[in-house]
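Engineer: Just a sequence and a predicted model for now, questions to come.
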Amino acid sequence: MAGDEHDERRRNGEPVRAKDCIWLILLVLCGCGSGDGAADVSGEVTLDGQPLTDGVIHFMPVDGKSRTASTFVRDGHFQTRVPLGKQRVEISCVKAQPLRPGQAADSATGAEIVPAKYNTKSELHADVNNGANKLRFELSGK
């Protein structure tokens, strides 16, 4: 008989060692993140209370040390991965102007409908933290 001795074994018959348990605990505590220094960011953008139909949102790190991130805004919604930390946010939406008679399509122009305080002179900021980040930007064209 084996007595009071307790011998934990894996399915393959090898004994479970303390360092195996420590690695398992560390893996659980650290999570299964991608380790890329970024997090999922999703949210909504409205202009004068209406969803921004087609636009672009840019995230630029305030400290200038990490990469930028950009994605499209479709029907007022966006989703992307953004580096962790404080970000300056720029939102843009250009509405194409009708072509003049004889104007080539590659020379088409457009008008920015989002005020400069939300894009080229943006006052918008976001703090991106580990995990899922939900943001909402309510812009005013006035």
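Structural biologist: It's in. Everything numeric here is computed off the predicted structure, so don't read it as measured data. Numbers count the residues shown, from 1 in each chain.
Engineer: and the longest strand seen in the chain, which residues are buried?
Structural biologist: In the chain, assigned by DSSP state E, the strand with the most residues is strand 38-47. Buried residues in strand 38-47, counted by 16 or more other CB atoms under 10 Å: A38, A39, V41, G43, E44, V45, L47. The C-beta positions use only the backbone N, C-alpha and C, and glycine is treated the same way.
Engineer: go on, stretch 50-58?
Structural biologist: Buried residues in stretch 50-58, counted by 16+ other CB under 10 Å: L52, G55, V56, I57, H58.
Engineer: Please apply the same query to stretch 71-78.
Structural biologist: For stretch 71-78, a neighbour-count test (16+ other CB under 10 Å) marks T71, V73, G76, F78 as buried.
Engineer: So which of those residues are in strands?
Structural biologist: Within these, residues falling in strands by DSSP E are T71, V73, F78.
Engineer: from those, which single one is nearest T120?
Structural biologist: V73 (16.7 Å; CB to CB).
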